[in-house]
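Participant: Let's see this in three dimensions:
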Amino acid sequence: MAHELEDTFRQLPQMLQDALQEVGRLKAQARRRKYDADATTCRLRRQVQEAKEEAKHFRTRLNEQHTRATEHVVNWLSELADFVACGICASELRRPYVLACGHIYCYDCLYALFSQALAALAHDMLNIHNLETLQLCRHIDQSGHFPANIHTYAQQVLADFEAIRGRAQYTCPMCRTAITVKPVEDLALKQIMNRIAAARAEYGHALHADAAVIPDVEGGDDAPYPAIVTEYSIWQ
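Facilitator: Numbers count the residues shown, from 1 in each chain. A predicted model of the protein is given here:
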C-alpha cells in the first residue's frame, strides 16, 4: 500500500504537467475557435454590408430605370394626346366625332360651330327681310285677295328668302369641305382617349387635359348636326 502511494506521489508532477498542458491546449483551441469565430463574424458582416450596398445599388438602378420608363410613358402619352387634339379647341378630344372628310373634333366644339352657322344664317335672313315682312309676304302668297303686282312682289321676297335659307354653311374648319352628312361618333378613338386618361391617372401626371374620363353628353343619340338650313323656319 505504501509502495503504491509512493508511486502515485511520484506521478503527481507529471500528471499536473499533463493537466496544465491539456489546459493550455484547450485554451489555445478556444482562442483559435474564437479567432475563427471572430473572422467568420467579420466576414459575414462584410458580406451583409456588401449585400446591403449591392441591394442599394440595384434599388437605385431600378428606381432610375423606373423613372426613365415613367418619363418615356408620360412623354409618349403627351405626344399621343397632342396628336389626337381637337382641331377647334386644340385640347384633348372629348367624345370625338368624325366628319366625312376624315377630320375629328369634340362633340361640343362641332355643336357650337354648327350653332354659330345657324345663327349667322338666321342673321343674314333677317338682314334682308324682317320677321314681320316675311310673315306678311307668306300671308299674301297664301291669299288670293291681293292685286297681282303685290302678289308677285310677295312671291319674289319669299323666293329670295328660300334661296338664302337653302345655302348650307356647314364646313370642316380644317379643310373647308362642305358637310352634307351627319358626323359619326368615333367609338374606337373614344376608347383610346379613355385609356390615355387611365394611364395618366396611374402615373400621376396631368399632361394637358383637366378631365380623368371622357364624359358622355346627355342626349347622345343625336349627332352634333342641327337641323339643316332647308328645314329651319324662322317664323316658327
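
Participant: Next SSE downstream of the helix or strand containing Leu44?
Facilitator: Following DSSP states H and E, one finds Leu44 within helix 2-83. Using DSSP H and E, the helix or strand that follows helix 2-83 towards the C-terminus is strand 96-98.

Participant: Can you spell out which helices and strands pack onto that next one?
Facilitator: strand 104-106, helix 107-128, strand 184-185, helix 187-203 (3 or more C-beta pairs under 8 Å, 6 or more residues apart in numbering; DSSP states H and E). From N, CA and C alone the C-beta is placed, and that goes for glycine too.

Participant: Quick one: closest of these to Tyr153.
Facilitator: For Tyr153, the closest of the helices and strands packed on strand 96-98 is helix 107-128, at 14.0 Å, according to C-beta to C-beta.

Participant: Now do the closest one, average pLDDT.
Facilitator: Mean per-residue pLDDT for helix 107-128: 76.

Participant: and what of stretch 183-203?
Facilitator: Per-residue scores along stretch 183-203 average to 84.

Participant: what are the C-alpha coordinates of that stretch, in CSV please?
Facilitator: What follows is stretch 183-203, C-alpha atoms only, in CSV (Å, rounded to 0.1, in the frame of the first residue of the first chain):
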residue,chain,number,x,y,z
PRO,A,183,-70.8,63.4,-88.2
VAL,A,184,-70.4,60.0,-86.5
GLU,A,185,-69.1,59.3,-83.0
ASP,A,186,-65.7,57.6,-83.2
LEU,A,187,-66.1,54.9,-80.5
ALA,A,188,-62.7,53.4,-81.1
LEU,A,189,-60.9,56.7,-80.6
LYS,A,190,-63.1,57.4,-77.6
GLN,A,191,-61.8,54.2,-76.0
ILE,A,192,-58.2,55.2,-76.8
MET,A,193,-58.8,58.6,-75.1
ASN,A,194,-60.2,56.8,-72.0
ARG,A,195,-57.1,54.6,-72.0
ILE,A,196,-54.9,57.7,-72.1
ALA,A,197,-56.8,59.2,-69.2
ALA,A,198,-56.5,56.0,-67.2
ALA,A,199,-52.7,55.8,-67.9
ARG,A,200,-52.3,59.4,-66.9
ALA,A,201,-54.1,58.7,-63.6
GLU,A,202,-51.9,55.7,-63.0
TYR,A,203,-48.7,57.6,-63.4
